[in-house]
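Asks: sequence and computational prediction follow.
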2 protein chains.
Amino acid sequence: MQKHPNLRMTRQRQVILEELRKVNTHPSADELYEMVRKRLPRISLGTVYRNLEVLSESGEIKKLEPGCSLKRFDGNPSEHFHIRCIRCDRIADVPMASDLEIDLADMTPTEYEILGHRLEFFGLCPYCSNNSKTDANRS
Amino acid sequence: MQKHPNLRMTRQRQVILEELRKVNTHPSADELYEMVRKRLPRISLGTVYRNLEVLSESGEIKKLEPGCSLKRFDGNPSEHFHIRCIRCDRIADVPMASDLEIDLADMTPTEYEILGHRLEFFGLCPYCSNNSKTDANRS
DNA sequence: AAAAATTTTGAATAACAGTTTCAATTTTAA
DNA sequence: TTAAAATTGAAACTGTTATTCAAAATTTTT
């Protein structure tokens, strides 16, 4: 069942994975570091970065690279889209009709060998959307 | 004709814009800095960054924020897609049938207020595609 | 056109996310 | 149980981008 049998599961790696899977908030490495620290106070930020890299390479988790802002991580590696709030950078899953896969790649005349695409939605999260109605002047 | 009438066009800003419009290689700030330096040897990198920001905010140019790697800039601000080489990070325009706009945003049930989407293709540029056939072992 | 107010510049420095190094420790294999 | 390999914590380091500030340039007001 394990895709990458040579992936050692150290305590640190295990806790990072567990904590990430607990939430659906797509935390950044730093946020995850704070979460993990409650269980492993002596863990270092470098270890978190390293393991997030390893875990996403092995397909256990997904590394999100949203336009502009810092990387975030998703414990759910199955194919789905995301939407990012342009105000607060929060990221949410977009529950999308599964048969709605885009098949644009076929019809794009380019010299490149197309391997895939990335589609990211952006907009306003409920919180920022509400606030923007009253909060006209933002910095 | 000018979208933002209070945008001053200083010599530096003008040259940055001209050099960017000369090419279709989507240079990074640093690459553009080198290009501009040939005409304005005393310009500073900070000025380049500042002006790329100003120009993209005013809509004169487009700031590309490809997954992961560093920002790049496009002198053509009109709507079109890009493809990025996963090997060398080169970015090219994707000439796409204009009527092929995706209208996924309608059908995504989310609490977010969707304002737009970003679609980026990735693959191998012709150069890297050729090389990968012989060059099996890469670092 | 001169003076005052505003913006932009160059140069240097800071901020920041992310990576790398390395000796010490832990885990796996022999 | 010993040897080999991978991982860790701590710290230093990278590279990109942002910021600071006095000086210079530009615009506006007189």
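Replies: Received it, and whenever you're ready, just let me know what you need. What you see is a predicted model, and the numbers here were worked out from it, not measured in a lab. Numbers count the residues shown, from 1 in each chain, chains lettered A, B, ... in the order given.
Asks: could you tell me the angle between the longest strand anywhere in chain A and strand B:113-124?
Replies: The strand of greatest length in chain A, counted in residues with DSSP state E as the criterion, is given as strand A:113-124. Here strand A:113-124 runs at 160 degrees with respect to strand B:113-124, directions being taken by axes from the mean of the first three to the mean of the last three CA atoms, to 10 degrees.
Asks: what residues sit buried inside strand A:113-124?
Replies: Of the residues in strand A:113-124, those scored as buried under the neighbour-count criterion (16 or more other CB atoms under 10 Å in any protein chain shown) are A:I114, A:H117, A:R118, A:L119, A:E120, A:F121, A:F122, A:G123, A:L124. Every C-beta, even on glycine, is put in place using the N, C-alpha and C of the backbone.
Asks: tell me the strands beside that strand, with direction?
Replies: Note on strand A:113-124: by DSSP bridges, its sheet partners are strand A:81-85 (parallel), strand B:113-124 (antiparallel).
Asks: which one of those has the poorest average confidence?
Replies: Ranked by mean pLDDT, the strands paired with strand A:113-124 bottom out at strand B:113-124, which scores a mean of 83.
Asks: which residues sit in contact with A:R11?
Replies: For A:R11, the residues meeting the contact criterion (CB atoms under 8 Å, 6 or more residues apart in numbering or on different chains) are A:L40.
Asks: just the helices in chain A please.
Replies: Defined through DSSP state H, the helices belonging to chain A, from first to last, are A:11-22, A:29-37, A:45-57, A:126-134.
Asks: in TSV: those, plus distance to B:M9 and mean pLDDT.
Replies: Shown next, in TSV, are the helices of chain A (distance: least, CB to CB, whole Å; pLDDT from 0 to 100):
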stretch	distance to B:M9	mean pLDDT
helix A:11-22	48	96
helix A:29-37	40	97
helix A:45-57	43	96
helix A:126-134	32	76
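Asks: the residue lying closest to A:I61 once chain neighbours are set aside: neighbour count?
Replies: If you skip the residues right next to it in sequence, A:I61 has A:L55 as its closest partner in space, 4.7 Å away by CB to CB, 6 or more residues apart in numbering or on different chains. Applying other CB atoms under 10 Å in any protein chain shown, we find 22 residues neighbouring A:L55.
Asks: spit out the contact partners of A:L55.
Replies: Neighbour list for A:L55: A:R13, A:I16, A:L17, A:I61 [criterion: CB under 8 Å, 6+ apart].
Asks: of those residues - the most surrounded one?
Replies: Counting neighbours by other CB under 10 Å, the top entry in those is A:I16, with 30 neighbours.
Asks: was I right to think it contacts A:L52?
Replies: Yes. At 6.9 Å, A:I16 and A:L52 qualify as touching, with contact defined as CB atoms under 8 Å.
Asks: overlap of the contact sets of the two?
Replies: A:L32.
Asks: I'd like the distance between A:H26 and A:L64.
Replies: Applying CB to CB, to the nearest Å, one obtains 6 Å for the distance of A:H26 from A:L64.
Asks: in JSON lines: the contacts of A:L55, plus distance to B:S78.
Replies: Conversion of those to JSON lines gives the following (distance: CB to CB, whole Å):
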{"residue": "A:R13", "distance to B:S78": "46"}
{"residue": "A:I16", "distance to B:S78": "43"}
{"residue": "A:L17", "distance to B:S78": "44"}
{"residue": "A:I61", "distance to B:S78": "37"}
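Asks: which among those residues gets closest to chain B?
Replies: In terms of CB to the nearest CB, no member of these lies closer to chain B than A:I61, at 15.7 Å.
Asks: redo the helices of chain A as CSV? Include distance to DNA strand D.
Replies: Written out in CSV, the entries for the helices of chain A read as follows (distance: least, CB to the nearest atom of the strand, whole Å):
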stretch, distance to DNA strand D
helix A:11-22, 3
helix A:29-37, 9
helix A:45-57, 3
helix A:126-134, 20
